[in-house]
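Engineer: all I have is the shape, not the residue letters:
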């Protein structure tokens, strides 16, 4: 740990020296967690084996305040791995020069990884931010699908409570020289442009986002059907609108958000002549909480549009509940689905992962702090599918029940120190008939022929986590 900290500070010093000014202040913060999982039966059928694992991550962030109004933020992740996988190369083998290169496989990021660099500077016309940092983070946590992209953002305050934001993002750069008569290799970028407004009052916050996204990375997507290659160029354009609000009227708190997306998918080359496909999506969320003394009760409802395979439109793909938003410990929890490999279900037509899609959920929850350092929380959730048919016409469509099931979650969080927390959680999931995937309709398996064993079984999850914050 000492060597890692020294290396991080040395790297930070190099970054600072690259700025033509003397650093006057450095703030270093971060987290280190170790988390253990026990997954009884995420495949949801009798006889499935359980899974148990530990995983960890160290994250450090330094903010270099060069002068007032000018700063550089650098974020580092290290040793992000499942225990027993990324063993150090020094314990395995070295190259012919006896030099060891970090970790020996790619499960998570066992090595040190610079995750974010962002430069912020204040001008007379507002705040300019440029670099590599999270996109798709807006308003409430619902709908957030954060990942790092190259971004430039301009934030202009209007008065003391209103802000206007404009920016551009580069998710993928694919430009190259065009061949004579062939521009397939040019204009292959994934770009986005945003315009937003935010109001931040004493008790109310509200905002509206417009985002235009163009996805052209697949303009040279190749199929090999004997010599030569055939190319199918696909381009997508999408407009997204998202209003949100957060309001506190003691002892009540309420927040909500909506995402609406509309666009087209167009085709060239091998698919030339194919009509454009309409792309659309709708998701929304509303949560309210009532606090009294050291306790609270509340509820939420959320919806994410599903795709109807009987229409030509691509519905429900553009927006969803987001992998940052984890409404339960099992159902649509990205930490469980990604970190613990817990995708729910055994029928490939009836699976759920870390993003709430094709669903509507209803949840009640309550929490209590019986002492200063202990927080208890419990929730009960029921979930239903928006569309009860899943698949693609002509290739096989699964008729499913719309009942995902219900889940009970109980968690306890205890502060061992002011900066050291221990959390333990228990979840039980009553699997609904959605996961049976009752009937396959289409030519792959035959009309009315069942694909997999339709029986489903319940599951439970145990998780505990130790988190150091500094």
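Structural biologist: Received the coordinates, thanks. Model, not experiment: these values are computed from the prediction. Numbering: from 1, shown residues only.
Engineer: secondary structure class for residue 337?
Structural biologist: With DSSP: H, G, I helix; E, B strand; the rest coil as the basis, residue 337 sits in helix.
Engineer: from residue 330, how far out is it?
Structural biologist: Residue 337 sits at a distance of 9 Å from residue 330 (criterion: Cβ to Cβ, to the nearest Å). For glycine as for every other residue, the C-beta is placed from the backbone atoms N, C-alpha and C.
Engineer: so which of these two has more stuff around it?
Structural biologist: residue 330 (28 against 22; other Cβ atoms under 10 Å).
Engineer: so what's that one scoring on pLDDT?
Structural biologist: Confidence at residue 330, expressed as pLDDT, is 95.
Engineer: are there residues contacting both of residue 337 and residue 330? Which ones?
Structural biologist: For the pair residue 337 and residue 330, residues contacting each of them under the criterion Cβ atoms under 8 Å, 6 or more residues apart in numbering are residue 344.
Engineer: what's near enough to touch residue 318?
Structural biologist: The contact partners of residue 318, taken as Cβ under 8 Å, 6+ apart, are 238, 240, 261, 263, 279-281.
Engineer: so can I have JSON lines of the residues you listed showing pLDDT, distance to residue 403 and neighbour count?
Structural biologist: Formatted as JSON lines, these follow (pLDDT from 0 to 100; distance: Cβ to Cβ, whole Å; neighbours: other Cβ atoms under 10 Å):
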{"residue": "238", "pLDDT": "92", "distance to residue 403": "31", "neighbour count": "21"}
{"residue": "240", "pLDDT": "96", "distance to residue 403": "30", "neighbour count": "22"}
{"residue": "261", "pLDDT": "95", "distance to residue 403": "27", "neighbour count": "22"}
{"residue": "263", "pLDDT": "91", "distance to residue 403": "32", "neighbour count": "22"}
{"residue": "279", "pLDDT": "89", "distance to residue 403": "28", "neighbour count": "20"}
{"residue": "280", "pLDDT": "92", "distance to residue 403": "25", "neighbour count": "19"}
{"residue": "281", "pLDDT": "93", "distance to residue 403": "23", "neighbour count": "23"}
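Engineer: just give me the closest of those to residue 426.
Structural biologist: residue 281 (33.9 Å; Cβ to Cβ).
Engineer: re the thing from before, how about a markdown table for the contacts of residue 318, with distance to residue 304 and secondary structure added?
Structural biologist: Converted to a markdown table, the contacts of residue 318 look like this (distance: Cβ to Cβ, whole Å; DSSP: H, G, I helix; E, B strand; the rest coil):
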| residue | distance to residue 304 | secondary structure |
| --- | --- | --- |
| 238 | 16 | strand |
| 240 | 14 | strand |
| 261 | 11 | strand |
| 263 | 17 | strand |
| 279 | 15 | strand |
| 280 | 13 | strand |
| 281 | 8 | strand |
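Engineer: what mean pLDDT would you report for stretch 111-127?
Structural biologist: On average, stretch 111-127 scores 93.
Engineer: now residue 114. Nearest residue, chain neighbours left out?
Structural biologist: Leaving aside its sequence neighbours, residue 114 sits nearest to residue 76 (Cβ to Cβ, 6 or more residues apart in numbering; 5.7 Å).
Engineer: for the helix or strand where the one you found lies, the distance to its chain's centre please.
Structural biologist: Residue 76 belongs to strand 70-82 when elements are defined using DSSP states H and E. Here the centre of mass of C-alpha atoms in strand 70-82, compared against the chain's by Cα atoms, centre = their mean, to the nearest Å, lies 18 Å away.
Engineer: against which helices or strands is it packed?
Structural biologist: Counting contacts by 3 or more Cβ pairs under 8 Å, 6 or more residues apart in numbering; DSSP states H and E, strand 70-82 is packed against helix 2-17, strand 51-67, strand 113-123, strand 126-135.
Engineer: now do 6 Å
Structural biologist: In terms of contacts (3 or more Cβ pairs under 6 Å, 6 or more residues apart in numbering; DSSP states H and E), strand 70-82 is packed against helix 2-17, strand 51-67, strand 113-123.
Engineer: quick one: average pLDDT of the first one?
Structural biologist: By that I understand helix 2-17. Helix 2-17 shows an average pLDDT of 47 in the prediction.
Engineer: helix or strand next in line after it, which one?
Structural biologist: Counting by DSSP H and E, the element after helix 2-17 in chain order, helix or strand, is strand 25-39.
Engineer: who touches that following strand?
Structural biologist: 51-56, 58-65, 340, 342, 461-470 (Cβ atoms under 6 Å, 6 or more residues apart in numbering).
Engineer: give the buried subset of those residues as a PyMOL selection command.
Structural biologist: Burial among those is assessed by 16 or more other Cβ atoms under 10 Å; the matching PyMOL selection reads:
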select buried, resi 53+55+56+58+59+60+61+62+63+64+65+340+342+461+463+464+465
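Engineer: pLDDT below threshold where in the stretch 201-350 of the chain?
Structural biologist: The model of the stretch 201-350 of the chain has pLDDT under 70 over residues 220-232, 269-273, 339-342, 348-349.
Engineer: just the strands in it please.
Structural biologist: Counting by DSSP state E, counting those that start in this stretch, the stretch 201-350 of the chain has these strands, from start to end: 204-223, 230-249, 252-269, 277-292, 295-304, 314-315, 344-347, 350-352.
Engineer: quick one, which of the ones you listed is nearest to residue 127?
Structural biologist: strand 204-223 (16.2 Å).
Engineer: which strands border the closest one, and is each parallel or antiparallel?
Structural biologist: On the basis of DSSP bridges, the sheet neighbours of strand 204-223 come out as strand 190-200 (antiparallel), strand 230-249 (antiparallel).
Engineer: let's have the ones you listed in a markdown table, adding distance to residue 400.
Structural biologist: Listed next are these as a markdown table, based on distance: least, Cβ to Cβ, whole Å:
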| stretch | distance to residue 400 |
| --- | --- |
| strand 190-200 | 32 |
| strand 230-249 | 27 |
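Engineer: buried residues, stretch 195-214. List them.
Structural biologist: 196, 198, 205-209, 211, 213-214.
Engineer: same thing with stretch 284-297?
Structural biologist: Buried-residue list, stretch 284-297, by 16+ other Cβ under 10 Å: 284-287, 289, 296.
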